[in-house]
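**Q** No letters, just coordinates:
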């Protein structure tokens, strides 16, 4: 068993190894990297993160398809879509996320950007000094304030209901963390990376348990809180850099 100092050194090395531009080539983060406008980055990132579960090739294919359906101009499409253009979404599907869900997401995003200058403004309003759980909860409440199919709610998780909310935490990592290593986009300077939570999935969870960073067996909100506490001991100002280490060890090294 490694000492805490040895474990920190090991994780720092792995995080630095995987947080490189080449990471983008096989990762969903490549979609928001297609854009330079802040709102395009937010919308493409949020929609891509929403469907980021399952086979990675399928995620990338369907995320690119979503952008094509919006004319590769996501903010303009969200704000100025017509009923005819929404009809063109018919047939889109990624696992349980389908055209019904995508159509509602477009309408809900339009309402959000009508009320707020951008998504950062919303999250900044509700960000807590220790985490973003309340902000995510408020985002979900706001996002589903229009009439909507009940089925669509399952595509945005709520950490206040003990969800690990992996996909939304991944999206927040993309938006908040500094882009100086060329992977995360770092377009939300009003939010500190110190309050981000690690996107907890089967890979990062299994590696964290093997390394003694996590004891809880379920990948739920309580497990995420435990993992966050462990990672913040190593790097309180940027704990989520270790997502690269945990993910890389699990997916690429079969640790």
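**A** Good, I have the coordinates. Being a predicted model, the structure only gives us computed values, none of them experimental.

**Q** how close does the nearest residue to residue 159 once chain neighbours are set aside get to residue 162?
**A** Nearest residue to residue 159, sequence neighbours excluded (Cβ to Cβ, 6 or more residues apart in numbering): residue 133, at 4.2 Å. Bear in mind the C-beta positions are built from the backbone N, C-alpha and C, glycine included. Distance of residue 133 to residue 162, computed by Cβ to Cβ, to the nearest Å: 10 Å.

**Q** Compare the two and say which one has the larger neighbour count.
**A** residue 133 (22 against 15; other Cβ atoms under 10 Å).

**Q** tell me the contacts of the more buried one?
**A** Going by Cβ atoms under 8 Å, 6 or more residues apart in numbering, residue 133 touches 159, 160, 197, 221.

**Q** cool, and residue 51?
**A** 59, 62, 63, 66, 94, 95, 97.

**Q** what residues does stretch 153-166 touch?
**A** 50, 53, 96-97, 101, 105, 133-134, 136-137, 139-140, 143-144, 167-168, 197, 199-201, 219-224.

**Q** Just the ones of the residues you listed in helices?
**A** 50, 101, 105, 133-134, 136-137, 139-140, 143, 167-168, 221-224 (DSSP state H).

**Q** Most neighbours among those residues, which one?
**A** Most crowded among those, counting by other Cβ under 10 Å, is residue 224 at 27 neighbours.

**Q** and the helix or strand residue 175 falls within, how far out from the chain's middle?
**A** Element membership for residue 175 (DSSP states H and E) is helix 166-176. Taking Cα atoms, centre = their mean, to the nearest Å, one finds helix 166-176 lying 3 Å from the centre of the chain it belongs to.

**Q** What's the first helix or strand after that helix?
**A** Next element after helix 166-176 (DSSP H and E): helix 202-210.

**Q** which of the residues in that next one are buried?
**A** The neighbour-count check on helix 202-210 (16 or more other Cβ atoms under 10 Å) flags 203, 204, 205, 206, 207, 208 as buried.

**Q** out of everything not next to it in sequence, what's closest to residue 29?
**A** In space, and not counting its chain neighbours, residue 29 is closest to residue 174: 5.7 Å by Cβ to Cβ, 6+ apart.

**Q** Any figure for the gap between that neighbour and residue 146?
**A** For residue 174, the distance to residue 146 - Cβ to Cβ - is 25 Å.

**Q** neighbour-wise, which of those two wins?
**A** Applying other Cβ under 10 Å to residue 174 and residue 146 shows that residue 174 carries more neighbours, namely 28 against 11.

**Q** Quick check: the more buried one touching residue 46?
**A** No - proximity of residue 174 to residue 46 does not meet the contact threshold set by Cβ atoms under 8 Å, at 9.3 Å.
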